[in-house]
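Enquirer: I would like the atomic coordinates for the input below:
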Amino acid sequence: MAYTLIKNGTLLDGQGNEPVPGAAVLIKDNFIELVGKSAEISIPEDATVIDATGKYILPGLIDTHVHMAMELRNIQDAILTPFSYRFYESVHYLKRTLDVGITSVRDAGFSDAGMKKAVEDGLVDGPRMQVSINPLTITGGHGDNWNRSGVDTTMQTYPGMPNAICDGKEAVRKTVREMLRAGADVIKVHATGGVTSPTDHPEFTQFSQEELEVMVEEAHFRKGIKVMAHAQGAEGIKNAIRAGIYSIEHGIYIDDEAIELMLENGTFLVPTLLAPISVLESSEKDDKMAPYAVEKSKEVVEAHRASVAKAYKAGVKIAMGTDAGVMAHGTNLRELGLMCDIGMSPMEALVATTKTAAECLGWEDQVGTIEAGKLADVILTDVDPLKDIRALENSDHITMVMKNGSVYKNLAERKGAHV
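Expert: Below you'll find the predicted structure:
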């Protein structure tokens, strides 16, 4: 039995409550035991004490849409890079993500159960994971990277990564079962076309509502596993909501009817505002982004902002997600400033990446807020995120990262200071 006391910091508990100066968090093993004022919590014998004077205490952050097994590369690199190379790259992606204070993620495609297990077993450092294995798509849809030259750069399949291209209800049913067999915690579907796929468009609708309903039905049979939908065009968004899918990813062309449906069904929106912006930024630096992705990003970026702003103003539940892997891992917290740009307050952006994100993952009883009984996922920052949310984009301002009671990053130690 080991105790850790974090004391003398300003607490932002993840629930949207007013900041609490002079706060303390007492941790027993890997759980939060007490939260209160530093002066009111006695220090257990042999406890490790972390002095957070001048710092802000936050829950571990959550990104509900990442791709830990990839960062986009140009077609030539994709063809020439050996298959196994990306597994070694992912070790660095996981560590960079954890270093910015993200202690939990929902992987939206291409990470397998082995990667999740490697983190759980402590073989590599990274955030705890939910994995979707391989996103379901139709022939010629988003996720089918067959090019009209005949070159196919679709993500390779292997025993832990079943083929995800499926057409028709029975093929869909079998593919969902294969993803579940491979260890999927959540089923991911491409309900529309997308920006980075070669032969479709974000407004193209993929899968019928009946096919989407089969996915929801099959997932539900496995202890209530849910379905998340890449959905950018209005019709595909509405099909997904009507089918019972619980989170809409991207939501570029949300119309009023879609917003009404989301409110009626309690559907989450995961905006990933950073994704099209990062495609455009990348195109200015190098040739990693395909020309079709750049052109589609130019087309959608303003509509995307407007749609998310409209959904936010209407009261749709928004959970932070970035699409990291489209951009560099470790740059995730740029999303918070972009959320504020569409009208959210810094506090609302923080709640979206803590409490609401935990609810989106179905982990609200474990993480997302700092309160007794939750897992000890705690981070410290040396800046006030309510005054300067964009300061968090510099990972040096995340001075400590604790996940499950263990400290994975402590800049004070690196500088020779005492915790």
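
Enquirer: give me every residue that touches the closest residue to S132 other than its chain neighbours.
Expert: Taking Cβ to Cβ, 6 or more residues apart in numbering, and ignoring the residues beside it in sequence, S132 has K188 as its nearest neighbour in space, at 3.7 Å. Any C-beta I mention is one placed from the backbone N, CA and C, and that applies to glycine too. Contacts here follow Cβ atoms under 8 Å, 6 or more residues apart in numbering; on that basis K188 touches A108, G109, S132, I133, N134, P135, L136, V227, M228, A229, H230.

Enquirer: now with 10 Å?
Expert: Contacts for K188 (Cβ atoms under 10 Å, 6 or more residues apart in numbering) come out as 65, 106-110, 131-137, 143, 164, 179, 215, 227-230, 247, 249.

Enquirer: again, but for A391
Expert: Under the criterion of Cβ under 10 Å, 6+ apart, the contact partners of A391 comprise L333, G337, T381, D382, V383, D384, P385, H397.

Enquirer: Of the residues you listed, keep whichever come out buried.
Expert: In the contacts of A391, burial by neighbour count holds for L333, G337, T381, D382, V383, P385, H397, counting by 16 or more other Cβ atoms under 10 Å.

Enquirer: quick one: which two of the residues you listed are the most distant?
Expert: The largest distance within the buried ones among the contacts of A391, taken as Cβ to Cβ, falls between G337 and D382 and amounts to 17.8 Å.

Enquirer: Dump the contacts of A391 to CSV, plus pLDDT.
Expert: What follows is the contacts of A391, written out as CSV (pLDDT from 0 to 100):
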residue, pLDDT
L333, 98
G337, 98
T381, 98
D382, 98
V383, 98
D384, 98
P385, 98
H397, 98
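
Enquirer: Distance to P276 and secondary structure added to those, as a markdown table?
Expert: As requested, those are exported to a markdown table (distance: Cβ to Cβ, whole Å; DSSP: H, G, I helix; E, B strand; the rest coil):
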| residue | distance to P276 | secondary structure |
| --- | --- | --- |
| L333 | 18 | coil |
| G337 | 15 | helix |
| T381 | 28 | strand |
| D382 | 31 | coil |
| V383 | 28 | coil |
| D384 | 30 | coil |
| P385 | 25 | coil |
| H397 | 26 | helix |
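
Enquirer: So of these, which two are at opposite extremes in space?
Expert: With distances taken as Cβ to Cβ, the most widely separated pair in the contacts of A391 is G337 and D382, at 17.8 Å.

Enquirer: Outline the domain layout of this protein.
Expert: Following automatic domain parsing, the chain resolves into domains at 3-60+369-414, 61-361.

Enquirer: How much space separates T103 from R177?
Expert: Taking Cβ to Cβ, to the nearest Å as the measure, T103 and R177 are separated by 31 Å.

Enquirer: Can you pick out the residue with more neighbours from these two?
Expert: T103 (26 against 16; other Cβ atoms under 10 Å).

Enquirer: need the helices for this protein, in chain order.
Expert: Using DSSP state H, the helices of the chain run over 75-80, 85-99, 113-120, 169-181, 209-221, 234-243, 256-265, 274-285, 291-314, 334-341, 346-352, 355-361, 411-414.

Enquirer: To L392, which of the ones you listed lies closest?
Expert: Short answer: helix 334-341, nearest of these by Cβ to Cβ, at 6.3 Å.

Enquirer: Can I get the helices of the chain in a markdown table including distance to K28?
Expert: A markdown table is the format used below for the helices of the chain (distance: least, Cβ to Cβ, whole Å):
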| stretch | distance to K28 |
| --- | --- |
| helix 75-80 | 47 |
| helix 85-99 | 22 |
| helix 113-120 | 21 |
| helix 169-181 | 35 |
| helix 209-221 | 36 |
| helix 234-243 | 42 |
| helix 256-265 | 39 |
| helix 274-285 | 37 |
| helix 291-314 | 38 |
| helix 334-341 | 31 |
| helix 346-352 | 26 |
| helix 355-361 | 21 |
| helix 411-414 | 22 |
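
Enquirer: With respect to the ones you listed, which exhibits the lowest mean confidence?
Expert: The stretch with the lowest mean pLDDT among the helices of the chain is helix 411-414, which comes in at a mean of 71.

Enquirer: Pretty sure N332 sits against V66.
Expert: Yes. In this structure N332 lies within contact range of V66 using Cβ atoms under 10 Å: 7.5 Å.

Enquirer: residues bridging contact with those two, i.e. touching both?
Expert: Overlap between the contact sets of N332 and V66, as judged by Cβ under 10 Å, 6+ apart, is given by T97, I102, V105, G321, T322, D323, A324.

Enquirer: Out of these, the closest to N17 would be?
Expert: Using Cβ to Cβ, the shortest approach to N17 within the shared contacts of N332 and V66 belongs to I102, at 21.8 Å.

Enquirer: hey, what's the closest one bridged with?
Expert: Under the criterion DSSP bridges, I102 forms beta bridges with L61.

Enquirer: could the shared contacts of N332 and V66 go into CSV alongside distance to A52 and neighbour count?
Expert: Supplementary listing: the shared contacts of N332 and V66 in CSV, determined by distance: Cβ to Cβ, whole Å; neighbours: other Cβ atoms under 10 Å:
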residue, distance to A52, neighbour count
T97, 23, 25
I102, 19, 30
V105, 25, 31
G321, 28, 32
T322, 27, 32
D323, 32, 27
A324, 28, 32
